[in-house]
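**Q** Got a predicted model here, sequence first, then my questions.
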There are 2 protein chains.
Amino acid sequence: MTDKTDATGKTTQEIKAERHKARQQKVKEAVDAKIARAQIEKGVLLVLTGNGKGKSTGGFGNITRAVGHGKKAAVVQFIKGNWPCGERTVLEKVGVEFHVMATGFTWETQDREKDTRAALSAWEAAEALLKDDTIDIVLLDELTYMVSYHYIDVERVLNALKNRPPMQHVIITGRACHRAIIEMADTVSEVQPIKHAFENGVKAQLGFDY
Amino acid sequence: MTDKTDATGKTTQEIKAERHKARQQKVKEAVDAKIARAQIEKGVLLVLTGNGKGKSTGGFGNITRAVGHGKKAAVVQFIKGNWPCGERTVLEKVGVEFHVMATGFTWETQDREKDTRAALSAWEAAEALLKDDTIDIVLLDELTYMVSYHYIDVERVLNALKNRPPMQHVIITGRACHRAIIEMADTVSEVQPIKHAFENGVKAQLGFDY
């Protein structure tokens, strides 16, 4: 197979490869400069909010990653349905501490007082973790709803987050995160649903959706 | 402590509790009706795209969940930096099969031909998994870049996805997912960065960002 050559005798393939190398060299310089500028090490407050699929799994994936690097991790699950939790089965085995509110969804219990008590009790477990500097990373899964429903006062949440150990990472998941928590956060991702299988009649499936 | 009462003798607390119950009853009816309509069981193609933090961790969290429910899972990592992977350490221990491209980022290698060969070799591992009906869930982490850079032909990806075992779930992560993959997908979330600590000088930290 012959290949075209230009005036300098280079083949099309060679020219393409050189252009690729030149482009990627520029990308590398930009990336390296950005990395050089980012030198602060600190506990990051990460919020995963929005209506799309991937918030809780994002939090649990981050816990899996942390544990894989020998970090000490803990999870508080708010507003948890009464089904078994696959993430818990795996992560407890590798030493992750779990606290589960486990009263079911608020539209299932339909009991404001009972839900408030359960939320506050789970929040007390969270507060203890947010004071413990041996814990490297804390996931507060579905916490946002507890604030939206006024089960837990937002000032109490902000206060605990602000006074936590400086190197401790915290991840908060759930829809419609309170603005004050978003303001305090270092990193915020909004997970937007472009489409969802459930809307097209696909049921929530064990091991995938829950 | 005395509480206000209304004309019927009910306290404010009692009225609040009743209103809460009535509202939550309506929510429950709406949720139950939606659940009743969703009866299809099938392998879901999930795409986690967009520029925010949480796409790969979302994929790995879903794998952690699946394994916790006894599902058989496999991961192919495309465009992987040369650092150790925390998720892999944990998930290989619980039986997840890993294939890692492991040539580093394309702006590090600056070698188009070498990157293409590595991408195609990783993709062949992916194709084998997408034909294996004993695998319940496959994570194709950072696949989108391989398609964007034309290292892997999008038609080849679509073909393998379309012909996979009908109950197999597949998760694809990465920025700027090709439109044809988004069209084929059942569930698509776009993870949008509202803010990112890195932009404020915080460095990528082991066990949290990687």
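**A** Great, that's in hand.

**Q** report the longest strand in chain A, please.
**A** strand A:187-195 (DSSP state E).

**Q** count of neighbours near the nearest residue to A:R175 once chain neighbours are set aside?
**A** Nearest non-adjacent residue to A:R175, counting by C-beta to C-beta, 6 or more residues apart in numbering or on different chains: A:N51, 5.7 Å away. Where you see a C-beta, it was placed from the backbone N, CA and C, and this is true even at glycine. Counted with other C-beta atoms under 10 Å in any protein chain shown, the neighbours of A:N51 add up to 13.

**Q** any idea whether A:N51 is helix, strand or coil?
**A** coil (DSSP: H, G, I helix; E, B strand; the rest coil).

**Q** From A:T12, how far out is it?
**A** 48 Å (C-beta to C-beta, to the nearest Å).

**Q** what's the single longest helix in chain A?
**A** helix A:12-37 (DSSP state H).

**Q** ok, and does that helix reach over to chain B?
**A** Yes - using C-beta under 8 Å from any C-beta of the partner chain, helix A:12-37 reaches chain B at A:K16, A:A17, A:H20, A:K21, A:Q24, A:Q25, A:V27, A:K28, A:V31, A:K34, A:I35, A:R37.

**Q** Counting neighbours, which of those comes out on top?
**A** A:Q24 (20 neighbours).

**Q** wouldn't it be in contact with B:Q110 here?
**A** Yes - counting by C-beta atoms under 8 Å, B:Q110 is a contact partner of A:Q24 at 4.3 Å.

**Q** Identify the residues contacting the helix or strand encompassing A:L158?
**A** Using DSSP states H and E, the element containing A:L158 is helix A:154-162. Helix A:154-162 is contacted from outside by A:45, A:123, A:126-127, A:130-131, A:143, A:147, A:170, A:178, A:180-181, A:184, using C-beta atoms under 8 Å, 6 or more residues apart in numbering or on different chains.

**Q** how about those, which pair is most distant?
**A** A:K131 and A:H178 (21.5 Å; C-beta to C-beta).

**Q** domain ranges for chain A?
**A** If you go by automatic domain parsing, the domain ranges for chain A are A:1-39, A:45-200.

**Q** hey, which of those is tucked in deepest?
**A** domain A:45-200 (a mean of 20; mean count of other C-beta atoms under 10 Å in any protein chain shown).

**Q** Let me see the mean pLDDT of that domain.
**A** For domain A:45-200, mean pLDDT rounds to 93.

**Q** residues contacting the most centrally placed residue in chain A?
**A** The centroid of chain A falls nearest to A:G59 when counting by C-alpha atoms, centre = their mean (3.3 Å). Contact analysis of A:G59 by C-beta under 8 Å, 6+ apart lists A:L48, A:L139, A:D141, A:I171, A:T173, B:T57, B:G61.
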